[in-house]
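S.K.: Sequence plus the predicted model coming up.
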Amino acid sequence: MDGAQPDPTIYASDRERRLSASVEDEGLSVTSGAVTPPNGGNQADTILQMQSNRENEAEDQKERLISGATKPPSTNLNRSVWIVIATLGPIGPSHYGVYIDGVNDGWGYSANYTHSLYQKSESFYRSARIIQSGVAVLAIPLTSAICARAAVAFLQRNSGMTVRQMIALADKGWIESSIFLRPPWRWKRYGSWFLLYAYLLSLLGSIISPLQELFLGTKTIKTLTEPQYIWDLADFNSHFGLYDGQTDDGYVTAVTRGRLATTWTSTPQPRLWSGHLDCNLLTQVPTYGDSDDNRNLLCGINGGYNTFGNFSTLKDPYFCQLPSGFSTGLVRQFAPRINSTARRENVTVDQYPKDCAEISESLYIHYSNSSRAANNSWSLDVCMPGDQTVSPWKDSLERQDFTEELYLKISLQGFEDDGMPSGDYYSKITLDTTAGFFELPNYMNGGVAGPLLEDSLNNHCGTDCAKQQEKPALPLPQNITRRANPESSESISAINITAEFQHNVNKGPLLVIALALFGVGSFLDKRPGYEAYISTIKDVELPSTCLDLVPFIPLLRDVQNTHFAGAPLDHCLSYYGSRFWHPDIQNAAYLWAFVWNTNDGYDGERIRNAFSTAAFLANEAWMMQDLLSSSFKVYYDLGADTQVPVISRAGIALISALLGLYLLGVLAMALYAARVPRWTETLDAFAMMRIGAAAGDRVPLLVCEDMDKVAALDDIPGSFGDATGGEGEVGELALGAQTPLNGERKYRSY
C-alpha cells in the first residue's frame, strides 16, 4: 500500500511557513522594521489573527512490506539466531531513538502505531532467544552425530588404527573426558587425531552458549511513541514584538513587587534550577556550618527542592520556565535560562555617585520624612547610574551578559531606642546577569541539564532534535523613553521620578527591583496613605488583622524561614502595628533592613541573598508575562519501555570468532563424512557386533575387569578394507585389509 510521504518539518506548525514567507501575503506592510496592519487596523488584533491561523497537518504513514524471506539451512540455524541477537537494532524500525527525517518510522502520527513497531521487534527478540536456547541444547547431539558418521570414513582411510582406538571412537569418546584424563604416555593406545579433533569441536560447541549468556544481557530502554509539546513559551526573541512602539504598562514591576511581598525563603521554587543537590548522608558535604547535623538540612526542607533560603549556596542557580528537572525524554530540546547573581558591599561617601540626580537617563529617587526634625529623621537616596532608558536585553539566541549597579544611601537619626543606630549608610548592589539557552534533561544526557550554550541553539540541534521556533526574529528598533526630571528631591512621592521608567520595555532585573521597592506603588510610596485609612477604623481590638504585606522583608529570612530580626516592622503590616507605631519608625525599620540583619550583622550576606532571589522573581515576571508573539515550543516524548539485548564489542568479537571456528569445523566434518562412501552409517551396536564376530577367535566372550590388560585390542587392526584385493565382481569386508573400499564396487551383505 502506498502512502503519502510525511513532511520532514512536521514538528513546526504551518504558522512558521507563513511567518517566514513574505509578510505582504498576510495583507501587512513592513516599514522601518515595523509591521503595519492594512486599513489602519489595530496591530495587536492583527497579530492575534495571525496566531489563530494555525492548521494541523497529518500525513498517512508509509507502510512497508517485508517479503522474499528465505529459510536458512539447518546447519546455519545457530548462525542465523546469533546474527539476530548481535545486531543490537530493532527489526522493522530503522532505529530506537529519534531521527528526524522524511519518514521517522511513524513518529509524530500515532503513539500506538509507533510503539507497535517496537513491540513486534521485541517479540522477534524473544523468539530468537527461544530458538537460540533450542540450538544450544541441540549443539552437542548434532556435533556428535556428524562426528559418528565421519568416524566410519576415518577408519576406512587409516590402516594404522587398532581395535582399541576404534572402540574409543565407537564409544564417542569426544563427549566424555575420561580418555583425556589418562596419562599422556597412554594416549597413543586410545587416541587419534580424529578423536582429538572431534573432542575440541564438541568442546567448542558446548562453551559458545554459556559464553554468549555471560556477555549477552538485556536492559529496558525507552522507545518512541508520539511527540507532545508545550507551546507558547517565551524566548528572548518573543520580547521584541512584531510592531514598534510597544510600551510596558508596569505589569512586570507590579508582579515583581507582589512576589517580593508573598514569597518566603522556605517556599519550594519549581522553576529554580541548579546543580545536583546531594541528599546522601554518606557523601554529602555540610552546606551550612560545620556540624554533621546540618548536612541534611537542605534535604530536610521541602524534600530537597530548591528554595530561596539557600539560594547563595546553590550550584549555578538559574531561572527556566519549565519545572526543575523537566525531561524531554527521547527528544533533544533546549530552553532559555537566566542567572542573576547579586553582590553587595558597603561603600564610602566618596564612592557614592554625586551627580546621579542631574543625569536624566539615570534612575534617582529620594525619600525623607517631612518634618526633618533633629530627632527621628530618616532619608533614602536611590541611584542607578548610566542610561537606564536603554534595555540591556538583546534580541539574540546566543549567550548574553550584562551588569547593573544600584547605590543606596540610608540616613537614620534618633532611632537608637528602637535598635537602629544613627548614621549615614552607603551600600552598592551589583547584579550580574547571564542568559542564553541550555539543553534540557533527556535520556541521551543522562537526565542532567546541559551547560549554558555560548552560541545559538541552532548550532547544537541535530537529527534527534525537533525544531522549536516558529518564526524568525524581526529586527526592530528598541523603544526608548526618557523620564521627567523630578521637580523636587524633597518629595516623598515617586510618581514624578519613576512613572516614565515604567513604560520602558525589557527593563533589566535590577531596575525592575528598584522600581518595585522604591518606585510608584512601593511601600515607602504608599505608607502615608495608610494613616488616613486607619483613622476611619473604629478603635477595636484587631491585633492580628493584616492590612498589607511589606515587600522584600520575607526574603531576608534564613533557610529555615527564621524571622530576620526583632525589629518593629514585620512582613505583615498589621492594624496593631500601624495604629500604635509611628510611621517614621516603620519607615526607618524598613530602611534598616537594607543595612543590618540579625543573622550576619553588617556583612549583608542575607541581604545579598535576598537581592539574588529578588532578581530571580523579576526575571520570572519578565519571562512569564503575556506576550503576543510567544512562539517557542518544547517537544518531549517520554517513550515506552522496551527490552533490548546488550552486549559489549569484545563479547561480539569473541563469540563471533568462536562461532565461526565451530561452524567451519562442523562443516568440514560433515563434508568429510559425505564425501567418503561408508560401509555403515555409524559404529553402532550392530556394527560393533559384526566387527566382534570377525575377531571372535582372539576376543572371546569372557569377563573383563580391566580393558587395559587385554593386549589383543592393541594387536588387532581397527581399519577396514577389501579382503579380495579388488579382484572379482564382489568384494568382502575385512579388518586390516589394505585395499580401500570403493563406492562403485559391490560387497557381500545381508
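M.R.: Received the coordinates, thanks.

S.K.: Strands along the stretch 501-650 of the chain, start to end?
M.R.: 546-549, 572-574, 632-636, 640-646 (DSSP state E, counting those that start in this stretch).

S.K.: Oh, that last question was meant for the stretch 251-400 of the chain, not what I typed.
M.R.: 272-273, 318-319, 334-346, 363-368, 377-384, 400-413.

S.K.: any idea which strand is longest in the protein?
M.R.: strand 423-439 (DSSP state E).

S.K.: Show me what it packs onto, helices and strands only.
M.R.: Based on contacts counted as 3 or more C-beta pairs under 8 Å, 6 or more residues apart in numbering; DSSP states H and E, the elements that strand 423-439 packs against are strand 334-346, strand 400-413, helix 509-518, helix 605-624. All C-beta spots, glycine's among them, are computed from the backbone N, C-alpha and C.

S.K.: in the chain, which residue is closest to the centre?
M.R.: The structure's the chain has its C-alpha centroid closest to Asn442; by C-alpha atoms, centre = their mean the separation is 2.0 Å.

S.K.: Need the winner for burial among the strands of the stretch 501-650 of the chain.
M.R.: Ranked by mean neighbour count, the strands of the stretch 501-650 of the chain are led by strand 632-636 with a mean of 21 (mean count of other C-beta atoms under 10 Å).

S.K.: So, low pLDDT: which residues of the stretch 151-300 of the chain?
M.R.: Regions of the stretch 151-300 of the chain meeting the criterion pLDDT under 70 cover residues 241-247, 276-300.

S.K.: quick one on the thing from earlier: hang on, the residue nearest to the centre of the chain packs against Val331?
M.R.: Yes - Asn442 is in contact with Val331 according to C-beta atoms under 8 Å; the separation is 6.8 Å.

S.K.: Around Gly446, how many other residues sit close by?
M.R.: 7 (other C-beta atoms under 10 Å).

S.K.: tell me the most buried of the helices and strands packed on strand 423-439?
M.R.: Among those, highest average neighbours (mean count of other C-beta under 10 Å) belong to helix 509-518, with a mean of 28.

S.K.: what about it, average pLDDT?
M.R.: Averaged across helix 509-518, the pLDDT comes to 96.

S.K.: What lies in contact with it?
M.R.: 252-254, 256-257, 260, 338, 340, 363, 365, 367, 380, 382, 384, 388, 404-406, 429, 431, 433, 494, 498, 501-502, 507, 522-525, 551-552, 611, 614-615, 618-619, 621-622 (C-beta atoms under 8 Å, 6 or more residues apart in numbering).

S.K.: can you do 6 Å?
M.R.: With contacts defined as C-beta atoms under 6 Å, 6 or more residues apart in numbering, helix 509-518 is touched by 252-253, 256-257, 340, 365, 382, 384, 388, 404, 406, 431, 498, 552, 614-615, 618-619.

S.K.: packing partners for the helix or strand containing Leu203?
M.R.: Applying DSSP states H and E as the criterion places Leu203 in helix 193-215. Here helix 193-215 is seen to pack against helix 111-157, helix 649-675 when contacts are counted using 3 or more C-beta pairs under 6 Å, 6 or more residues apart in numbering; DSSP states H and E.

S.K.: Report the backbone C-alpha coordinates of that helix in PDB.
M.R.: Output of helix 193-215 as PDB, limited to C-alpha atoms (Å, rounded to 0.1, in the frame of the first residue of the first chain):
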ATOM      1  CA  TRP A 193      43.900 -37.100  15.700                       C
ATOM      2  CA  PHE A 194      40.300 -37.600  14.700                       C
ATOM      3  CA  LEU A 195      39.300 -38.200  18.300                       C
ATOM      4  CA  LEU A 196      41.100 -35.000  19.400                       C
ATOM      5  CA  TYR A 197      39.600 -33.000  16.600                       C
ATOM      6  CA  ALA A 198      36.100 -34.300  17.500                       C
ATOM      7  CA  TYR A 199      36.700 -33.500  21.200                       C
ATOM      8  CA  LEU A 200      37.800 -29.900  20.500                       C
ATOM      9  CA  LEU A 201      34.800 -29.400  18.200                       C
ATOM     10  CA  SER A 202      32.400 -30.700  20.800                       C
ATOM     11  CA  LEU A 203      34.000 -28.600  23.500                       C
ATOM     12  CA  LEU A 204      33.800 -25.500  21.300                       C
ATOM     13  CA  GLY A 205      30.100 -26.100  20.600                       C
ATOM     14  CA  SER A 206      29.400 -26.600  24.300                       C
ATOM     15  CA  ILE A 207      31.000 -23.400  25.600                       C
ATOM     16  CA  ILE A 208      29.600 -21.000  23.000                       C
ATOM     17  CA  SER A 209      26.100 -20.800  24.500                       C
ATOM     18  CA  PRO A 210      27.400 -20.200  28.100                       C
ATOM     19  CA  LEU A 211      29.800 -17.600  26.900                       C
ATOM     20  CA  GLN A 212      27.100 -15.900  25.000                       C
ATOM     21  CA  GLU A 213      24.900 -15.800  28.100                       C
ATOM     22  CA  LEU A 214      27.800 -14.400  30.000                       C
ATOM     23  CA  PHE A 215      28.300 -11.500  27.600                       C
END
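
S.K.: Between helix 111-157 and that helix, find me the angle.
M.R.: 160 degrees (axes from the mean of the first three to the mean of the last three C-alpha atoms, to 10 degrees).

S.K.: who are the neighbours in contact with Ile140?
M.R.: Ser206.

S.K.: how close does Lys746 sit to Ala737?
M.R.: Here Lys746 is placed at a distance of 16 Å from Ala737 (C-beta to C-beta, to the nearest Å).

S.K.: ok, these two, which is more surrounded?
M.R.: Higher neighbour count among Lys746 and Ala737: Ala737, with 19 against 10, using other C-beta under 10 Å.

S.K.: before we move on, back to that, for the helix holding Leu203, which residues meet the burial criterion?
M.R.: 194-195, 197-199, 201-205, 208-209, 212, 215 (16 or more other C-beta atoms under 10 Å).

S.K.: Give the buried residues for the helix or strand just after that helix.
M.R.: Using DSSP H and E, the helix or strand that follows helix 193-215 in sequence is strand 217-223. Of the residues in strand 217-223, Ile221, Lys222, Thr223 count as buried by neighbour count, 16+ other C-beta under 10 Å.

S.K.: you'd agree the last one is up against Tyr118?
M.R.: Yes - taking contact to mean C-beta atoms under 6 Å, the distance of 4.2 Å between Thr223 and Tyr118 places them in contact.

S.K.: so what's Gln400 bridging to?
M.R.: Beta-bridge pairing for Gln400 (DSSP bridges): Ala435.

S.K.: hang on, the earlier thing: could you identify which of the helices and strands packed on helix 193-215 is most buried?
M.R.: Highest mean neighbour count among the helices and strands packed on helix 193-215 (mean count of other C-beta under 10 Å): helix 111-157, a mean of 18.

S.K.: any idea how far it is from the chain center?
M.R.: Distance of helix 111-157 from the chain centroid (C-alpha atoms, centre = their mean, to the nearest Å) equals 38 Å.

S.K.: Then stretch 690-707?
M.R.: Taking C-alpha atoms, centre = their mean, one finds stretch 690-707 lying 77 Å from the centre of the chain it belongs to.

S.K.: measure that stretch end to end?
M.R.: 20 Å (C-alpha to C-alpha, to the nearest Å).

S.K.: ok, back up a step: weakest of the helices and strands packed on helix 193-215 in terms of mean pLDDT?
M.R.: Minimum mean pLDDT among those: helix 111-157, a mean of 85.

S.K.: how far does the helix or strand just after that one sit from the chain's center?
M.R.: Remark: after helix 111-157, the chain's next helix or strand is helix 163-170, criterion DSSP H and E. Offset of helix 163-170 from its chain centre (C-alpha atoms, centre = their mean): 65 Å.

S.K.: Show the secondary-structure elements that helix 163-170 is packed against.
M.R.: Looks like helix 163-170 contacts helix 712-715 (3+ C-beta pairs under 6 Å, 6+ apart).

S.K.: Fine by me, thanks again.
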